[in-house]
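**Q** need a structure here:
(chains A and B)
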Amino acid sequence: MRAIIIKELRENLLWAVLLLIAVSAAMAFAVHAGARRRPVLVSETMEMISAVAFPVAGLAIGLLQILQEHRGGRWAFLVHRPFSRRRIFMAKVIAGLALYGLATMPPLLAVIGWVATPGHVAAPFDIHMVLPRLADLLGGLLWYATGLLVAARQARWIGSRLMPLGFTLLVTVFAWVLPLSFWEAALFLAAGFGVIFPAALTAFDAGGVFERQPALTRFLQGLSVGTGIALAVGVAAAMLAGAIDWIHPTDDWQYQSYRISSDGQPVKDIDGRYGQIRGADVNGRPVVKAEREDDYISITSVPLQGLPTEQSDWAERRRAEGLHNDMAYAYSVEFGTSAAWYYVAPRRTIKGFDEVSRRFIGSVGPNGFAPSTEEPQPFPEPLVSGMRDFASRTSVFHIDFKRREIQFLLRTTSNDPVIAVPVTFNTGKRGERVLSALLTRSTIYIFDGATELFRLPLEHSFPQYQALEIAQIRDGRFIFHYTNGTSTDLPQRDWLVEADADGHIIRRVELPPLTGFPRHDSPWVEAGVKSAISPFLLVLGTVLTEKYNYLAFIMAAVMGIVSAAFTFWLSRRYAMGRSASLLWTIFNLFAGIPGVLTLLSVRQLPAHVVCPHCGKRRVVTRDLCEHCAAPFSMPTLEGIEIFEMV
Amino acid sequence: MSEAAIEVRGLTRFFGGKCAVDQASFCVPRGSVFALLGRNGSGKSTMTRMLLGLLEPTRGSATVLGEDCRNLSPATRGRIGYVAEGHPLIGWMRVRDLESFQRSFYRQWDGRLFQAVIDHFGLDRKAKAGNLSRGQRAGLSLALVLAARPELLVMDDPSMGLDPVARRTLLEAMILVTRDAGHTIFFTSHVLDDVERVADHVAILDRSVLRVSAPVEVFRQRVRRWALNFAGPAPSAGDIPGLLEARRDGQSLRLTIANPSPQTERSLSELGALGIEEQPLSLEDAVVAYLGDRGQRQSLLQQTQEAGVL
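**A** Below you'll find the predicted structure:
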């Protein structure tokens, strides 16, 4: 094993060094792009570079390690020895991991070391910031295994060889988008690795021949190839749908919303494919669309679902705390006062850095400012930063970073938690004061700076209503617009609540319902695209979202039945056994076109010859004719044969 | 222990719709030097690769040193030396690196034999494999294989592209192996002169179909050549059983026939020749008769004369 490891290391060292140079250059660019002010490790540029560089390095090493053995008949030289192919493969993997480490670890460690050293970046460093990069590094291992599989399995380059990349891409995207923690991402990647690596191992062991591999890894290989094909079919179908929509545009979609005119009247705006087509007042009377933006008030929308840090909903929590979300680590809360201030989410501290020396100058905590010599004070609850203020579950406060003072605007209880970070809104007159709104589960507070002007009860809540829009119009009245948004199918109607300048409610208006939500594709095209990807997924999606679409069901059924019938016919061409034929047919009833293409990609269609006994075409892989059970006839004797068996 | 080093039963391989080897069956006796002959594309390399488990047979089976060729164990592969077509090696490795690499896999590595073979081929231990000539690469391949002391040596066209001196050196090295009783050599070749020198068994693949598998002596006895002289232009040979080749040259007709019998002699006499004379036939001529187009042919000289080219 040692000999193969050394051979692999020496053979691919140059490639690893080239990749090392490329990854180092990319990371140096990411550091440079960070302008030495932002948390470099979780900057957008670094996210993008590590998301691409590590997978590329892994994939390249995996591909090179196998493809090189197929040059000039070297495969036989490598595998014909008293050593199992699996051990040869494992030796390659050990070397491959070392090469991958060489190509990726030094630049990553250098960047971590650099940003962790005080005085290099005017931003905080926290060990948690390493985790997304570590997840990307692990992701590169999945791409490495995929490189091995792509190169080891027998397939045509222009055919299905690259398809396992689709599976890996999907797993990588999931591992990027979904996890809340590093361990969740590692679990995603490990699951992907658990599919790809055994498939690569047995593909190498079987010389790439699918039929020689164990049933389990045949399934895993089929899964990886099939996922790639489903993605490719999906992209192709979506492009086709786009082309159809472009050639035959459906002009029935429209986008409706309410805007508030400068005199406080709600106007229904209706936009269609060709721009805004008409407007109407609350009574449905058409109104001429105002040409000037000044005729409408600028409105501020406050989401009602609660603080992102307090969400029980997984998707919302991911938005706030996702592994690849820089807000989960450290983000700037104040700039431009010769010091940069950051909220360090994992430590619940606000830290300041001198812009010139790039050194830590102190922290702001619930008890005020603490100099750099003192331990930063953590806040008891996670914070969310607004335009000017900060909110936690039970408090809202303002920090004056120049004076380094903290001023509490509101303290509430956990029974009536803060549900939105304070937002500012215009008063309708330019250059005038800017007010801020602060929401708890039961109350709307309106503040002018640190002074509370008035408070009103919050009349509608999430999930019936998605957002509260707030504005003050020119005559001093306040408008509170409870809205479903335009992308939901909630049956509730929008409400408009008007209050005078002192916070007394003047009127409540239930607005006419909005109709005609955006519909970008014709139902035929949409159902066609979805059922082309997979009838099963279409039905599942329809059931899960409870958007019952009978057209989609019909399309899915037709696609499934056609695919199953074609698969059954193909299974006869393959001369499959009864159980294999049944399994593939049932599978493709649900998998549809990608399933059929997967079958054609992983299993080589055997050659057929005419059976001299029954005259039908028979496969050459079976000893007996599948139609008449006749054996193959021996080659024609020409009277010149000389056989003297020993 | 089986008497056969290799036993092949109905081995078949298709590439797409093309049949490369069609139901071949033969045995390679232990201790023999077995030559598998055929034209380019006749299926020799395919057969070799199937025997070593490098290529999956479409149908049929084969055992090599008693094990199914599809599932050769590492231990059995250790008993088989393989010199692949074109002598592929790891080009960036030096001769000494390759020895060290190969030695790590074989307990019974014979360093003295390796040294002897590379000395025989005049190889420098510091030379990179990628910079060696074809002959030197062949020698290095052979040295790497022989030093592992294989029971069965499988070589796919080992002398392809070699000059006469290199070929002769290679042959000598092959003969070195057969000194050990019980060791077997299975090789494919185009160079019939080499076959005649070393092989004791011969098999012929003719367009994917195995036509011959026999000891060389038996093969030579059963392929014979007659020269017939006529008063006028030589007639067509007609339908003679076992006719491999009929060559007309003016008033003479030369026939190469397999498996001659009393019926063959009667057919010859019915042609009405003035004289019938059996001619000696070299192994090379006999094999060429098998590998050429079957049936009647004129000499190239006569063909061009009749066509008015000359």
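**Q** now B:Cys69, nearest residue through space, not along the chain?
**A** B:Ala62 (4.3 Å; CB to CB, 6 or more residues apart in numbering or on different chains). (Each C-beta comes from the backbone N, C-alpha and C, glycine too.)
**Q** mind checking how far the one you found is from B:Leu72?
**A** B:Ala62 sits 10 Å away from B:Leu72 when distances are taken as CB to CB, to the nearest Å.
**Q** coming back round to it: can you give me every residue that contacts the residue nearest to B:Cys69?
**A** Contact analysis of B:Ala62 by CB atoms under 8 Å, 6 or more residues apart in numbering or on different chains lists B:6-9, B:11, B:50-51, B:68-69.
**Q** again with A:Ser581
**A** The neighbourhood of A:Ser581, defined by CB under 8 Å, 6+ apart, consists of A:568, A:571-572.
**Q** buried only: go through those residues for me.
**A** Members of those that pass the buried threshold by neighbour count (16 or more other CB atoms under 10 Å in any protein chain shown) are listed as A:568, A:571.
**Q** from the contacts of A:Ser581, which is closest to A:Met48?
**A** Set against A:Met48, the nearest of the contacts of A:Ser581 by CB to CB is A:Ser571 (45.3 Å).
**Q** among the contacts of B:Ala62, which are in strands?
**A** Among the contacts of B:Ala62, the subset assigned to strands under DSSP state E consists of B:6-9, B:11, B:68.
**Q** check those residues one by one and keep those near chain A.
**A** When CB under 8 Å from any CB of the partner chain is applied, no member of those is adjacent to chain A.
**Q** what is the burial count for residue 159?
**A** I'll assume chain A. For A:Gly159, the count of nearby residues is 11 (other CB atoms under 10 Å in any protein chain shown).
**Q** sorry, should have said chain B
**A** 24.
**Q** check which helix or strand covers it.
**A** Assignment of secondary structure by DSSP states H and E places B:Ser159 within no helix or strand.
**Q** could you find the closest non-adjacent residue to B:Asn40?
**A** The shortest distance from B:Asn40 to any residue other than its chain neighbours is 7.9 Å, reached at B:His190 (CB to CB, 6+ apart).
**Q** shouldn't the one you found be in contact with B:Asp157?
**A** Yes: with contact defined as CB atoms under 8 Å, B:His190 counts as touching B:Asp157 (6.6 Å).
**Q** picking up where we left off before, whichever helix or strand the residue nearest to B:Cys69 is part of pairs with which strands?
**A** Secondary structure from DSSP H and E places B:Ala62 in strand B:59-64. For strand B:59-64, the paired strands and their directions (DSSP bridges) read strand B:4-15 (antiparallel), strand B:67-68 (antiparallel).
**Q** give me the residues contacting the following helix or strand past the first one.
**A** Read that as strand B:4-15. Scanning forward in sequence from strand B:4-15, with DSSP H and E defining helices and strands, the next element found is strand B:18-29. Where contact means CB under 8 Å, 6+ apart, the residues beyond strand B:18-29 that reach it are A:607, A:620, A:632, A:634-635, A:643, A:645-646, B:3-14, B:34, B:43, B:46-47, B:50, B:59-60, B:184, B:186, B:201, B:203, B:205, B:208-210, B:213.
**Q** which SS class is the closest residue to A:Val111 other than its chain neighbours?
**A** In space, A:Val111 comes closest to A:Met27 once its chain neighbours are excluded; the distance is 5.3 Å by CB to CB, 6+ apart. Applying DSSP: H, G, I helix; E, B strand; the rest coil to A:Met27 yields a three-state assignment of helix.
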